[in-house]
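Enquirer: Just the structure for this:
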Amino acid sequence: MTKTVTERLKSVKETIPEGVKLIAVSKTKPNSDILEAYQEGQIYFGENKAQELERKAGELPGDIHWHFIGHLQTNKVKYIAPFVSMIEAVDSLKLLKEINKQAAKSERVIPCLLQFHIAEEDTKFGLDREEAQALLDSEPFKKMQNIRIAGVMGMATYTENSDQLRREFKFLKAVFDWLKQEYFSETPDFKEISMGMSGDYPVAIQEGATMVRVGSLIFGERNYN
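Expert: Reported below is the predicted structural model:
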């Protein structure tokens, strides 16, 4: 018999220690699935399409914390800036400028994570250390009033090689420690390390994740048709 969203969510929660935030990745999933998880006490959800997120946010309970977790195009920021709780995948100064601009229009400060390229493959987006330094040292960044850098995010290689996954997660934790020391030592809000998904989140937690993004283990496999 197929397990319900509630049953799968409970199973996942049992594996996540206190202090680690579970982001239920609800992209492509219907409102009914999200509501079922919400009624089980889940309030953090992740989406990767701005207009789909805008629609869902308008139709679902107002106290849901929505995280945008995909690659965000600058022309789509305006759809989510009025309500999004966190933008997890900031990989350029250009994108950060647009988030700051749209947040100002909504009179908000939007928490953001800097996305780093940690995978040993070329298919993922993300900054390297030099690009992050250039961004954080830039005058435009220093003038931004409507964004808050809350930590880092990374997507590991899609592999079952746990040694490789561990290496990639260790790398992101090292990047976080370096940024904390060099740029955010006086910033208590700089504290999040978002890494780990359905297939590898236990390893990510062992390596210091404060947030994990779990979708298929909660909602079942996605149908992209």
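Enquirer: need the strands for this structure, in chain order.
Expert: 21-25, 44-47, 65-68, 86-90, 110-116, 147-154, 192-194, 211-214 (DSSP state E).
Enquirer: Can you list the strands that the third one pairs with?
Expert: Yep, that's strand 65-68 we're talking about. strand 44-47 (parallel), strand 86-90 (parallel) (DSSP bridges).
Enquirer: same thing with the first one?
Expert: Each strand paired with strand 21-25, and its direction, by DSSP bridges: strand 44-47 (parallel), strand 211-214 (parallel).
Enquirer: Switch those strands over to CSV; also include mean neighbour count.
Expert: C-beta: built from backbone N, CA, C; applies to glycine. What follows is the strands paired with strand 21-25, written out as CSV (neighbours: other Cβ atoms under 10 Å):
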stretch, mean neighbour count
strand 44-47, 24
strand 211-214, 24
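Enquirer: Can you tell me which of these is nearest to Phe125?
Expert: Of all the strands paired with strand 21-25, strand 211-214 sits nearest to Phe125, with 14.7 Å by Cβ to Cβ.
Enquirer: now the strands paired with strand 21-25 in TSV, with mean pLDDT?
Expert: Formatted as TSV, these follow (pLDDT from 0 to 100):
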stretch	mean pLDDT
strand 44-47	98
strand 211-214	98
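Enquirer: Turn the ones you listed into a markdown table, columns for distance to Lys3.
Expert: Shown next, in a markdown table, are the strands paired with strand 21-25 (distance: least, Cβ to Cβ, whole Å):
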| stretch | distance to Lys3 |
| --- | --- |
| strand 44-47 | 19 |
| strand 211-214 | 14 |
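Enquirer: Of those, which is nearest Phe176?
Expert: strand 211-214 (11.9 Å).
Enquirer: nearest to Lys191, of the strands paired with strand 65-68?
Expert: Nearest of the strands paired with strand 65-68 (Cβ to Cβ): strand 86-90, 12.3 Å.
Enquirer: spatially speaking, which residue is in the middle of the chain?
Expert: In the chain, the residue lying closest to the centroid (Cα atoms, centre = their mean) is Glu88, at 3.6 Å.
Enquirer: Reformat the strands of the chain as TSV; add distance to Gln102.
Expert: Shown next, in TSV, are the strands of the chain (distance: least, Cβ to Cβ, whole Å):
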stretch	distance to Gln102
strand 21-25	22
strand 44-47	17
strand 65-68	12
strand 86-90	10
strand 110-116	8
strand 147-154	10
strand 192-194	21
strand 211-214	23
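Enquirer: I'd like to know which of the ones you listed lies nearest to Trp178.
Expert: strand 147-154 (9.9 Å).
Enquirer: The closest one: how far from the chain's middle?
Expert: Relative to its chain's centre, strand 147-154 lies at 9 Å (Cα atoms, centre = their mean, to the nearest Å).
Enquirer: Dump it to CSV, restricted to CA.
Expert: Written as CSV, here are the backbone C-alpha positions of strand 147-154 (Å, rounded to 0.1, in the frame of the first residue of the first chain):
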residue,chain,number,x,y,z
ILE,A,147,18.7,42.0,1.6
ARG,A,148,20.3,40.0,4.4
ILE,A,149,22.9,37.3,3.7
ALA,A,150,21.9,34.5,6.1
GLY,A,151,24.3,31.8,5.0
VAL,A,152,25.3,29.5,2.1
MET,A,153,23.7,26.9,-0.1
GLY,A,154,25.1,24.1,-2.3
